Every structure is written in structure tokens, then in C-alpha cells.
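In: pasting the sequence and the predicted coordinates here, then a few questions.
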Amino acid sequence: MGVLACDRKECSNIMCDTYIEEINSYICNECQDEFVTYLNSKSLNKEQMTSYEIIEQLKVFMETKKDTYQKESISVSEFFRHRTRC
């Protein structure tokens, strides 16, 4: 099994389990979490979107720099996780 690096701009996470065939990209769990924050920042109802709408938003999101859309508050565990090199 090879290294499956996240395809988001400036993301260095590897071993991603999620592949989005429609955009030919891997996305890590951290970027998936940030995508939810991105959708919230755009006032999009993430519970009522079509697959097409999600894909279109994901295309735009994947071109943004990592950590552009952070939650306003984070847990201590998240704080350290973002600063751990591995």
C-alpha cells in the first residue's frame, strides 16, 4: 500500500482513507472537519446539500490553504494535534 497524501493545498497529511472520485483527490480527516467549517462560513446548510453541490464546494475548498477555515474554538487535544509533526 502506498502513501495516500491529502490533495488539499498545503496539507502535509498522509495515509488518507477518503478518496473523492469525482475530483480525483484524497482528503484527510482534518481537512474534512475543516470543510464543515468552510460550509458554515458560506452559510450553506450542510444537512440539505446534493452530492453535486458538495462536490462543487469541495473543488473550491481543496484549493484553499489548510487552516484557513478554523473553528472559533478548539479543544486542547485539537490544539496539540495541529502542532504535532508526524
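Out: Structure received.
In: tell me how many other residues surround residue 34.
Out: 22 (other CB atoms under 10 Å). Where C-beta positions appear, they are placed from N, C-alpha and C, glycine not excepted.
In: per-residue confidence for it?
Out: What the model reports as pLDDT for residue 34 is 92.
In: OK, contacts around it?
Out: 61, 66-70 (CB atoms under 8 Å, 6 or more residues apart in numbering).
In: which residue sits closest to the spatially most central residue of the chain, ignoring its sequence neighbours?
Out: With distances taken as CA atoms, centre = their mean, residue 31 lies nearest the centre of the chain, 2.0 Å away. Nearest non-adjacent residue to residue 31, counting by CB to CB, 6 or more residues apart in numbering: residue 8, 4.7 Å away.
In: find me the pLDDT at that neighbour, would you?
Out: Reported pLDDT for residue 8: 96.
In: can you map out the helices along this structure?
Out: 29-41, 51-62, 76-81 (DSSP state H).
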